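Trainee: requesting a structural model of the entry that follows:
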Amino acid sequence: MKLETVDPREPCSICPATVTKVFSDQYFMITIDDLRPDACENSMLCHADSPGILPVQWCLKNGVHLTPPKGYPGLDFDWADYLKQSGAEALSQYCFRTVSCPSVYSSTTDFP
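Mentor: You can find the predicted model right below:
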């Protein structure tokens with residue numbers, strides 16, 4: 001199952017990733033997709049509430065650049081083609097929390 005995630009090694013980059021192991025209904029492992037033959041695995045443990053995990057097409061819908069997987073052939077990344085080529089499915093939208101958190105700071109917050 002595929003999703004979009006913030007790359008922990010390059011925090012300004014959102015890229016495709018794969019759910020590689022499910023531990024429970026709350027915890028799972030994802031691996032940043034890297035198509036190079038000599039790829040170094042970049043995996044991380046996630047919680048269902050992890051802020052850096054996003055559904056497929058999130059970047060497109062929000063006008064944010066999606067960085068194609070390293071080793072991806074071509075300049076234009078297309079999720080439909082990528083899912084078909086990899087024989088994978090997008091992780092269901094229902095797996096992502098849509099909780100809105102109020103800002104911690106407001107105009108009335110006093111700073112020391």
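Trainee: from here on, just use CA atoms for contacts and neighbour counts.
Mentor: Will do.
Trainee: gap between Lys84 and Leu45?
Mentor: In this view, Lys84 and Leu45 are 26 Å apart by Cα to Cα, to the nearest Å.
Trainee: likewise Gln85?
Mentor: 26 Å.
Trainee: what's the answer for Asp78, then?
Mentor: 26 Å.
Trainee: re the thing from before, neighbour count: Gln85 and Leu45, which is higher?
Mentor: Higher neighbour count among Gln85 and Leu45: Leu45, with 15 against 9, using other Cα atoms under 10 Å.
Trainee: which ones are touching that one?
Mentor: Counting by Cα atoms under 8 Å, 6 or more residues apart in numbering, Leu45 touches 27-30.
Trainee: give the bridge partners for it, please.
Mentor: Counting by DSSP bridges, Leu45 forms beta bridges with Met29.
Trainee: pLDDT of whichever helix in the chain runs longest, averaged?
Mentor: When the chain is parsed with DSSP state H, its longest helix is helix 79-86. Throughout helix 79-86, pLDDT has a mean value of 95.
Trainee: next one: that helix to chain centre, how far?
Mentor: Computed by Cα atoms, centre = their mean, to the nearest Å, the chain-centroid distance of helix 79-86 equals 16 Å.
Trainee: in that helix, which residues are buried?
Mentor: Buried residues in helix 79-86, defined by neighbour count with 16 or more other Cα atoms under 10 Å: 79, 82.
Trainee: how about stretch 14-24?
Mentor: Counting neighbours by 16+ other Cα under 10 Å, stretch 14-24 gives 14-19 as buried.
Trainee: likewise for stretch 29-38?
Mentor: Using 16+ other Cα under 10 Å as the test for burial, stretch 29-38 gives 30-34.
Trainee: what's the answer for stretch 60-77, then?
Mentor: 66-69.
Trainee: what's next to it, contact-wise?
Mentor: With contact meaning Cα under 8 Å, 6+ apart, stretch 60-77 is reached by 13-16, 32-36, 59.
Trainee: out of those residues, which sit inside strands?
Mentor: Under the assignment DSSP state E, these contribute 13-16, 32 to strands.
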